[in-house]
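Colleague: starting from these lines, generate the structure:
(2 chains)
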There are 2 protein chains.
Amino acid sequence: MKKFYVTKSRRLRSTPYTSRIERQGVTSYSSYNHMLLPASFGDTLENSYNHLKNYVQVWDVAAERQVEISGKDSAKLVQLMTCRDLSKSKDGRCYYCPILDDKGGMINDPIILRLDAEKWWLSIADSDVILFAKGLAIGYNFDVKIIEPEVDIMAVQGPKSFALMERIFGKKITELNFFDFDYFDFKGTKHLIARSGWSKQGGYEIYVENTKSGLELYDYLFEIGKEFNVKPGCPHLIERIESALLSYGNDFDNNDNPFECGLDKYINLDSDVEFLGKEKLKKIKTEGITKKLMGIIINAEEINISGSVNLTDENNNFTGELRSGVYSPHFKKVIGIAMLKKPYWKVSQSIKIKINKEYFSGTVCELPFL
Amino acid sequence: MKKFYVTKSRRLRSTPYTSRIERQGVTSYSSYNHMLLPASFGDTLENSYNHLKNYVQVWDVAAERQVEISGKDSAKLVQLMTCRDLSKSKDGRCYYCPILDDKGGMINDPIILRLDAEKWWLSIADSDVILFAKGLAIGYNFDVKIIEPEVDIMAVQGPKSFALMERIFGKKITELNFFDFDYFDFKGTKHLIARSGWSKQGGYEIYVENTKSGLELYDYLFEIGKEFNVKPGCPHLIERIESALLSYGNDFDNNDNPFECGLDKYINLDSDVEFLGKEKLKKIKTEGITKKLMGIIINAEEINISGSVNLTDENNNFTGELRSGVYSPHFKKVIGIAMLKKPYWKVSQSIKIKINKEYFSGTVCELPFL
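Modeller: This is a model prediction of the structure:
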């Protein structure tokens, strides 16, 4: 497939780590929240996949920007934006939360960090949640302050991330529970570190506020990480599809509701909390959904997705659209995430898809793949 | 300078014209409103600049997405978002409008098209204005419908655009005044066409709603455009900086107010209309601004901008930041747009800048350059 260069500018901004990852051999970028998100490092997709599953990688994910909402009405505003009940949320915890509009349509799916009862960070996927929050705050006349703080996340991911991080931060960091966060000292500077990250291979996200110290830490991770075979990396297409880590803009968007995305366990309709789209979601729950995200496995060896790809049954009836896809070395087939129409979302339903002018067959399966 | 590839996906979506421009030799992309925006076509920057200034180009600017606001309260919502008085706006007209938050900070600077008194299109720069509009509409409980319609703009720009478009649409299209729009027939399909575009070389923007007809029109423009030396193109860095066509995210962002951006003539503080940030802007006007966008000319032959670059005076005092810049064949120097601190924004003020580890001198000048 023909390749194209990316044109940088202040509008498609670099991160504090950009000069480092460019020395380390980054070869391609995506754009995410108006920022460069590394997408590959020269190695084959399969090699970097195997590396991530066996060793440890440091990722420049500064493009996961924070929306900081603080002030007297901050909890009210944050709750208004998500269908997940945050009334019993605790300081020092991360919460995966669908953000919805008043029609129940998805706007983003951040990890929400409760710094304290009046200070929250929404660690966002790729849409300007800050503008939605500002619009709501103005309209409702909430007493809040909404900013994008200077926070540039680096992620440490992979099974050896625990040993590597312990070497720097001591045993205490290995005792952090999944989705907890706390402050850890690096040479006199405190860094907020969460046990989280956009892979299922385990690891941490370091929310760097002190850039100078963060860059030192970045270099130190590679220095002492040699014995753990550390490499630079980035969110990995194969790994995230196999694990069904959904991607806003790829797998779902504002035209989809959280039931259709399979996010049922984050929808608290029986709670007392007030949030946008609640009545609409109740109606959807009663009436049932008519499309749903499912996995599909295709008997093909390659796919490149740059938009939705139509799926049909054997009689050429439209059955849904493929939204993400990649060749999986594990399955030795193409796997993908598709929004399928009722009744075609049944497991084992066969599908047909056109890739590079040729037709391939496939079947529907559950998510995640692994 | 090292180059990097762009990784495509559904999240960084292609346009209806993408396959065409890739056959025509596009070499690089930027991202804009979560969509691919072509950034170069193989030719040198100087050659494409000369071509644009002498002939005609067709641009895939589908990434200029539309936010459609319709319904009973649509005029009220649109007015709330901009400091430009739209109370006397007319159907069939385009209005360049700063969009502000309640602090007077810039959120976007779209062209607003009044389709009728209850239907508006905001043809946006690179930020999710739709989320701001939705937040406000929910908070204020406005009776509006807000969608991103399927509209994919192609622009026809350059001095020969008038002759080319006349050949297709007849004499009537040459009579369209600047920033007027109307509907024109192409083989039985009506297309909304505005006399507008993101260059100062003259031309049109075709708001394609019927994709099939739009693609036919795209091909036809190249077919009959041969005699006018038509080429594919894209918004041009040299041309737009020389003309001081400001770029949201590059030259200004949410931390800047419209006075600081030199947009005074679009700020109607004496009008009766209600808009966000009005009291704040009155205060700013009384107290005066402390930074301002100005031009700078640098005695250098090359620059690549991927973030703000600090400017100092000869004594190394911080005087402001360069936000966009390019080598101009016209001036045979680097020209740029900078946010300068008071009192350093005076014309002829000398500045110092570090480019690729070397220091260069320059001076402040008025915008536009040409």
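Colleague: from here on, just use CA atoms for contacts and neighbour counts.
Modeller: Will do.
Colleague: roughly how far apart are residue A:201 and residue A:162?
Modeller: Per Cα to Cα, to the nearest Å, residue A:201 is found 11 Å from residue A:162.
Colleague: sorry, wrong one. I was asking about residue A:262.
Modeller: When Cα to Cα is the yardstick, residue A:262 and residue A:162 sit 30 Å from each other.
Colleague: cool, and residue A:352?
Modeller: Using Cα to Cα, which is the criterion applied here, residue A:352 is 43 Å from residue A:162.
Colleague: show me what contacts the residue lying closest to residue A:34 once chain neighbours are set aside?
Modeller: The shortest distance from residue A:34 to any non-neighbouring residue, by Cα to Cα, 6 or more residues apart in numbering or on different chains, is to residue A:12 (4.9 Å). The contact partners of residue A:12, taken as Cα atoms under 8 Å, 6 or more residues apart in numbering or on different chains, are A:31, A:34-36, B:30-31, B:249, B:306.
Colleague: just the ones of those in strands?
Modeller: When the contacts of residue A:12 are checked against strands (DSSP state E), the matches are A:31, A:35-36, B:30-31.
Colleague: now the strands for the stretch 51-200 of chain A?
Modeller: A:56-60, A:66-70, A:94-96, A:99-100, A:106-108, A:111-116, A:119-123, A:145-147, A:152-157, A:181-186, A:189-194 (DSSP state E, counting those that start in this stretch).
Colleague: give me whichever of these is most buried.
Modeller: Across the strands of the stretch 51-200 of chain A, averaging neighbours per residue (mean count of other Cα atoms under 10 Å in any protein chain shown) puts strand A:152-157 on top, at a mean of 28.
Colleague: each with direction, which strands does it pair with?
Modeller: strand A:56-60 (antiparallel), strand A:203-208 (antiparallel) (DSSP bridges).
Colleague: just the angle between that strand and strand A:189-194, please?
Modeller: Relative orientation of strand A:152-157 versus strand A:189-194 (axes from the mean of the first three to the mean of the last three Cα atoms, to 10 degrees): 60 degrees.
Colleague: pLDDT score for residue A:2?
Modeller: As predicted, residue A:2 sits at a pLDDT of 89.
Colleague: before we move on, what about residue A:207?
Modeller: 98.
Colleague: now residue A:306
Modeller: Among the per-residue scores, residue A:306 holds a pLDDT of 89.
Colleague: repeat that for the one 10 residues further on.
Modeller: Per-residue confidence at residue A:316 stands at 94 (pLDDT).
Colleague: secondary structure element holding it?
Modeller: Secondary structure here is read from DSSP states H and E; on that basis residue A:316 sits in neither a helix nor a strand.
Colleague: out of the strands of the stretch 51-200 of chain A, nearest to residue B:345?
Modeller: Between residue B:345 and the strands of the stretch 51-200 of chain A, the shortest separation by Cα to Cα is 27.7 Å, and it involves strand A:145-147.
Colleague: and the closest one, does that touch chain B?
Modeller: No - judged by Cα under 8 Å from any Cα of the partner chain, strand A:145-147 stays clear of chain B, getting no closer than 10.0 Å.
Colleague: how much space separates the residue nearest to residue A:34 from residue B:34?
Modeller: If you measure residue A:12 against residue B:34 using Cα to Cα, the figure is 11 Å.
Colleague: list residues touching both of the two?
Modeller: Common neighbours of residue A:12 and residue B:34, using Cα under 8 Å, 6+ apart, are residue A:31.
Colleague: circling back: redo the ones in strands among the contacts of residue A:12 as CSV? Include distance to residue B:157 and neighbour count.
Modeller: As requested, those are arranged in CSV below (distance: Cα to Cα, whole Å; neighbours: other Cα atoms under 10 Å in any protein chain shown):
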residue, distance to residue B:157, neighbour count
A:31, 27, 26
A:35, 29, 24
A:36, 30, 27
B:30, 19, 23
B:31, 21, 26
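Colleague: am I right that residue A:318 is in contact with residue A:310?
Modeller: Yes - taking contacts as Cα atoms under 8 Å, residue A:318 lies within contact range of residue A:310: 7.1 Å.
Colleague: ok, residues contacting stretch A:314-326?
Modeller: Contacts to stretch A:314-326, defined as Cα under 8 Å, 6+ apart, come from residues A:237-238, A:241, A:250-251, A:302-305, A:307-313, A:334-342, A:344, A:350-352, B:9-10.
Colleague: tell me the contacts of residue A:228?
Modeller: Shown here is residue A:228, whose contacts under the criterion Cα under 8 Å, 6+ apart are A:55-56, A:160, A:164.
Colleague: how many neighbours does the residue lying closest to residue A:8 once chain neighbours are set aside have?
Modeller: Nearest residue to residue A:8 in three dimensions, chain neighbours excluded: residue B:306, at 5.4 Å (Cα to Cα, 6+ apart). The burial count assigned to residue B:306 is 19, neighbours taken as other Cα atoms under 10 Å in any protein chain shown.
Colleague: pretty sure residue B:306 contacts residue A:15?
Modeller: No - using Cα under 8 Å, residue B:306 and residue A:15 do not qualify as a contacting pair, with a distance of 9.6 Å.
Colleague: first-to-last residue distance for stretch A:137-157?
Modeller: Taking Cα to Cα as the measure, stretch A:137-157 stretches 36 Å from start to finish.
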